[in-house]
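1. Need a 3D model of the sequence below.
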Amino acid sequence: MRYEIDELDRGILQYISKDGRMSFTEIAAGLNVSEKTVRLRYKNLLDNGVMEVVGVVNPVALGIKSGAIIQLKVTPQSLNLAIEALREFREIRYITMTTGPYSLLAQIAVPGQDDFTAVIQKINELPYITEMNTIIQLDVYKNTYDYF
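-> Numbering: from 1, shown residues only. Modelled structure (predicted):
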């Protein structure tokens, strides 16, 4: 079931997405409502799965400086097996099903060029991957969690 948000919810989400540690009091002041209203709405957004509270790690600060997009052709009857196997790769940050000639797209993040080779070799060992196209990311110009 889809949860409908209103302008107040949207405002809370905007504040939280910019600074997840902002206090309810600060958000309330910015939105011209009471702290209790923000606290209750925040809990409601969490309870309904509209948002999750997580710490976002800066991979570059940890030495993970290289990224790639990998397009994958998979045998149709093995799509779910491929997805489950790819989910086990620590280096894969994102997996999505796509239209077009490649049924899956995965984004990987690794410390350096040599690490690409190791990950690609492991993916190639999966029996249901029939073709792979790797696109090395040279630079990232936008990476955001803002939705409003």
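2. Put the alpha carbons of stretch 124-138 into CSV.
-> Output in CSV follows, covering the C-alpha atoms of stretch 124-138 (Å, rounded to 0.1, in the frame of the first residue of the first chain):
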residue,chain,number,x,y,z
ASN,A,124,32.3,-14.2,-15.0
GLU,A,125,32.4,-17.5,-13.0
LEU,A,126,28.6,-17.3,-12.5
PRO,A,127,27.2,-19.8,-14.9
TYR,A,128,24.0,-17.8,-15.7
ILE,A,129,25.9,-14.7,-16.9
THR,A,130,26.1,-14.9,-20.6
GLU,A,131,27.5,-11.5,-21.4
MET,A,132,28.9,-8.5,-19.6
ASN,A,133,29.6,-4.9,-20.6
THR,A,134,31.7,-2.9,-18.1
ILE,A,135,31.6,0.9,-18.1
ILE,A,136,34.4,2.5,-15.9
GLN,A,137,33.2,5.6,-14.0
LEU,A,138,35.9,8.3,-14.5
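3. centre of the chain versus it, how much separation?
-> 20 Å (C-alpha atoms, centre = their mean, to the nearest Å).
4. ok, now stretch 74-82?
-> 22 Å.
5. Buried residues in it, which are they?
-> Residues 74, 78, 82 are the ones in stretch 74-82 that count as buried (16 or more other C-beta atoms under 10 Å). The way it works is simple: take the backbone N, C-alpha and C, and place the C-beta from them, glycine included.
6. Quick check: the gap between the second one and residue 127.
-> Read it as residue 78. 8 Å (C-beta to C-beta, to the nearest Å).
7. Looking at the buried residues of stretch 74-82, spot the one nearest residue 16.
-> residue 82 (34.7 Å; C-beta to C-beta).
8. Test my guess that the closest one contacts residue 76.
-> No. Applying C-beta atoms under 8 Å, one finds residue 82 not in contact with residue 76, separated by 10.2 Å.
9. I'd like the distance from the helix or strand of the chain with the lowest mean pLDDT to the chain centre, please.
-> In the chain, no helix or strand scores lower on mean pLDDT, DSSP states H and E than helix 113-124, which sits at a mean of 92. For helix 113-124, the separation from the chain centroid amounts to 21 Å (computed by C-alpha atoms, centre = their mean).
10. which residues are in contact with the helix or strand just after that helix?
-> Using DSSP states H and E, the helix or strand that follows helix 113-124 towards the C-terminus is strand 129-137. Applying C-beta atoms under 8 Å, 6 or more residues apart in numbering, the external contacts of strand 129-137 come out as 66-75, 82, 102, 116, 120, 123-124.
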